[in-house]
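# pasted the sequence and its predicted model underneath.
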Amino acid sequence: MKDLRKEIDSIDRELADLLNRRLDVAKKIGAYKLARGIPVLDEKREKEKLQAFGEQFDEDRKKSGTRVMEAVMEVSRNYQKDKAFEYALLGSKLGHSFSPQVHMMLGGYEYGLIEMEEEELEGFFKDFPMKGISVTMPYKRKVMKYCDKISDHAKATNSVNTIVKNSDGTLSGYNTDYDGFRYTVERSGVRIRGEKCLILGSGGVSGTVKKVLEDLGAGEIVTVSRSGSDNYDNISKHEDAGIIVNATPVGMYPDTGSSPVDIEIFKNCKGIFDLIYNPLRSRLMLEGKDRGIPAFSGMHMLVAQAACACRLFTGEDHMDRIDGVCEQLEKDMENIVLIGMPGSGKTSIGRKLGEMTGKVFVDSDELIRSTFGRTAEEIIISEGEEAFRKKEMKVIDSAAKIGGRVIATGGGVVEREENRDPLRSNGRIVYIKRDLDKLSCEGRPISGARGTEVLYGERKDKYESWQDLTVENRDIDEVAENILEGLGYR
């Protein structure tokens with residue numbers, strides 16, 4: 001009996017997990033139906049599902065199985081009604097949005113995602129079902145015609161990104177992107193007054209950026225588009241620009257290796273603002289930082305505009321939480337990247353850090369094996385080091401695009417400068433040092449062929465120039481704690 005009870009307890013845990021997953025999907029279905037005015041109950045579909053479900057049981061269990069499914073469907077219906085989102089983000093493609101997390105952290109309310117085609121907008125706004133929504137591309141201008149009232153900033157920028165349903169049923173449109181971008185610029189400390197400013201992109205948010213820069217006293221403001229009089233082919237005529245704002249999606253996940261312009265031509269540049277927040281540091285930002293130019297992502301804009309929307313939705317002011325939410329999001333999204341000599345302990349330390357932070361641990365050598373079907377050692381022996389390095393670059397580029405990881409790299413990752421920016425885009429790099437006499441060459445053909453001391457001499461400067469933090473490995477637990485403290489996780 002004891003063993004049977006253990007078995008049934010295990011099955012009950014599986015059932016609970018499955019029901020949780022089903023209710024999560026039911027909530028999304030409820031939001032979809034609410035947004036489109038679709039009734040929760042679909043009698044025809046429920047009847048078909050009950051019949052199909054019952055057919056999966058023996059005849060003597062069919063009635064019991066059907067009754068259970070009826071109960072589950074009733075719970076799902078009620079959950080869809082009770083848990084339908086009152087606030088949400090409206091857009092066309094929202095797969096990688098952080099908005100639900102941001103609004104939950106700021107206001108404590110559930111916040112959904114509504115993906116909708118343009119032809120569905122009119123029906124959605126005809127009987128607006130939400131208390132309030134945020135709006136993202138490509139609908140920031142298209143939704144203006146559905147608003148009964150529009151704020152001054154929304155009129156001035158020709159862009160609405162927040163809509164609130166009033167007590168009389170009318171809709172008011174606002175532009176909290178204005179507040180978000182202004183907050184970012186003022187917080188940065190970069191002087192705008194009198195500076196020539198270059199806005200890359202002429203989409204829905206560029207008008208907002210221009211209005212903020214005007215209000216902060218900017219000098220000449222130039223908007224660069226693909227086909228206008230000021231375009232990317234003749235952008236060099238604006239090489240005297242002091243401020244550059246990227247209002248395009250170029251460089252955004254998953255195409256993180258792209259930059260809209262070559263920052264090298266802007267010798268007078270004093271500040272870069274990239275509205276992208278995924279990755280944490282775009283290629284444009286990294287290139288600017290390498291040249292000593294202050295560069296800022298769109299993270300604070302994202303959270304600040306959400307805080308302003310939250311105030312419009314609920315009447316509660318959470319502006320004092322902006323920096324704290326940004327800091328937490330950045331820690332959650334950030335990769336901890338480990339570099340160092342072969343045998344320095346990167347894999348063991350990486351696993352420990354994964355356990356301590358909840359981040360996913362990734363070993364680049366293991367990714368190479370799973371991707372190419374052979375170990376790093378086998379590839380090096382059969383194809384040579386150059387072929388291996390090319391494969392390693394592909395794996396590094398792919399792995400580094402996803403945040404929230406601890407990444408242990410191969411000892412020779414620094415041999416290719418092209419690996420550095422992908423690793424920096426979402427991560428901070430920790431150099432693991434260890435006494436050379438403790439480094440093993442076993443299973444490491446490059447170390448065996450060239451010798452540990454020679455290899456260290458060739459790579460030492462690269463390790464040091466790449467690192468954000470250097471830690472000596474004498475004890476795994478101790479070094480893991482030192483890394484978390486050094487990176488500000490403690």
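Alright, I've got the coordinates.
# separation between the closest residue to K270 other than its chain neighbours and V222?
Leaving aside its sequence neighbours, K270 sits nearest to G242 (CB to CB, 6 or more residues apart in numbering; 4.8 Å). C-beta coordinates here come from the backbone N, C-alpha and C atoms, glycine included. Distance, G242 to V222, by CB to CB, to the nearest Å: 11 Å.
# more crowded one of those two?
Set side by side, G242 and V222 show more neighbours around G242, with 20 against 17, by other CB atoms under 10 Å.
# give me the phi and psi for that one.
For G242, the backbone dihedrals (degrees, to the nearest 10) come out as phi -90, psi -30.
# show me the contacts for it.
195-197, 268-271 (CB atoms under 8 Å, 6 or more residues apart in numbering).
# highest neighbour count among the residues you listed?
Neighbour max across the contacts of G242 (other CB under 10 Å) = C197, 25 neighbours.
# contacting residues around the closest residue to that residue other than its chain neighbours?
Spatial nearest neighbour of C197, excluding adjacent residues (CB to CB, 6+ apart): I243 at 4.3 Å. For I243, the contacting residues are 190, 192, 195-198, 213, 218, 269-273, by CB under 8 Å, 6+ apart.
# sorry, back to before: as CSV, the contacts of G242 with distance to S159, secondary structure and pLDDT would be great.
Listed next are the contacts of G242 as CSV, based on distance: CB to CB, whole Å; DSSP: H, G, I helix; E, B strand; the rest coil; pLDDT from 0 to 100:
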residue, distance to S159, secondary structure, pLDDT
E195, 23, coil, 97
K196, 23, coil, 98
C197, 18, strand, 98
N268, 29, coil, 95
C269, 26, coil, 97
K270, 27, coil, 97
G271, 23, strand, 98
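# flag every buried residue along the helix or strand harbouring I199.
Per DSSP states H and E: I199 is located in strand 197-200. Buried residues in strand 197-200, counting neighbours by 16 or more other CB atoms under 10 Å, are found at 197-200.
# which one of these is nearest T157?
For these, the minimum distance to T157 (CB to CB) is 12.3 Å, reached by I199.
# verify the stated contact: that closest one with T208.
No. In this structure I199 lies outside contact range of T208 using CB atoms under 8 Å: 10.0 Å.
# quick one: contacts of stretch 153-163?
Contacts of stretch 153-163 (CB under 8 Å, 6+ apart): 128, 132-136, 140-141, 143-144, 146-147, 150, 171-179, 204-205, 207-208, 210-211, 305, 308-309, 312.
# what number of residues lie near V190?
Count around V190 with other CB under 10 Å applied: 20.
# got the contact list for Y456?
Counting by CB under 8 Å, 6+ apart, Y456 has contacts 341, 436.
# which strand or helix spans it?
helix 452-466.
# likewise for T256?
Here T256 is assigned to no helix or strand, by DSSP H and E.
# give me the phi and psi for it.
Dihedral angles for T256 - degrees, to the nearest 10 - are phi -80, psi -10.
# so what's the residue count around it?
So T256, with other CB under 10 Å, has 20 neighbours.
# and R420, by the same measure?
With other CB under 10 Å as criterion, R420 counts 19.
# hmm, which helix or strand of this structure has the shakiest average pLDDT?
helix 445-450 (a mean of 61; mean pLDDT, DSSP states H and E).
# for R428, give me its contacts.
334-337, 468-469, 487.
# flag the shaky bits of this protein, pLDDT-wise.
27, 30-41, 77-84, 440-451 (pLDDT under 70).
# returning to what we had before: in PDB, list the C-alpha atoms belonging to the helix or strand that the strand holding I199 is followed by.
Counting by DSSP H and E, the next helix or strand C-terminal to strand 197-200 is helix 206-215. Only the C-alpha atoms of helix 206-215 are listed here, as PDB (Å, rounded to 0.1, in the frame of the first residue of the first chain):
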ATOM      1  CA  SER A 206      11.200  59.000 -34.300                       C
ATOM      2  CA  GLY A 207       8.700  61.900 -33.900                       C
ATOM      3  CA  THR A 208       8.700  61.300 -30.100                       C
ATOM      4  CA  VAL A 209      12.500  61.400 -30.000                       C
ATOM      5  CA  LYS A 210      12.500  64.600 -32.000                       C
ATOM      6  CA  LYS A 211      10.000  66.300 -29.700                       C
ATOM      7  CA  VAL A 212      12.100  65.400 -26.600                       C
ATOM      8  CA  LEU A 213      15.300  66.700 -28.200                       C
ATOM      9  CA  GLU A 214      13.500  69.900 -29.200                       C
ATOM     10  CA  ASP A 215      12.200  70.400 -25.700                       C
END
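# which parts of this structure belong to which domain?
2-82, 85-188+299-331, 191-293, 334-486 (automatic domain parsing).
# if we can go back for a sec, quickly list what the residue nearest to C197 is bridged to.
Counting by DSSP bridges, I243 forms beta bridges with C197, G271.
# so how far is E385 from it?
From I243 to E385 the distance is 44 Å (CB to CB).
# could you measure from K145 over to I432?
Applying CB to CB to K145 and I432 gives a distance of 58 Å.
# more crowded one of these two?
Taking other CB under 10 Å, K145 and I432 do not tie; I432 has more neighbours (25 against 11).
# just give me the neighbour total for G95.
6.
# quick one: secondary structure of it?
coil (DSSP: H, G, I helix; E, B strand; the rest coil).
# again with V245
Per three-state DSSP, V245 ends up strand.
# stretch 147-154 spans what distance, first to last residue?
Stretch 147-154 has an end-to-end distance of 11 Å (criterion: CA to CA, to the nearest Å).
# check the offset of it from the chain's centre.
Centroid separation between stretch 147-154 and its chain, computed with CA atoms, centre = their mean, to the nearest Å, is 30 Å.
# and it, what's buried?
147, 150-151, 153-154.
# could those residues go into JSON lines alongside secondary structure and distance to G412?
Shown next, in JSON lines, are these (DSSP: H, G, I helix; E, B strand; the rest coil; distance: CB to CB, whole Å):
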{"residue": "C147", "secondary structure": "coil", "distance to G412": "57"}
{"residue": "I150", "secondary structure": "strand", "distance to G412": "58"}
{"residue": "S151", "secondary structure": "coil", "distance to G412": "56"}
{"residue": "H153", "secondary structure": "helix", "distance to G412": "52"}
{"residue": "A154", "secondary structure": "helix", "distance to G412": "53"}
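# chain neighbours aside, what residue packs nearest to G404?
K359 (5.4 Å).
# show me the contacts for the one you found.
K359 touches 335-336, 353, 404-406, counting by CB under 8 Å, 6+ apart.
# element containing the most far-flung residue of the chain relative to its centre?
What lies farthest from the middle of the chain is D60; by CA atoms, centre = their mean that is 50.7 Å. Assigned by DSSP H and E, D60 falls within helix 59-82.
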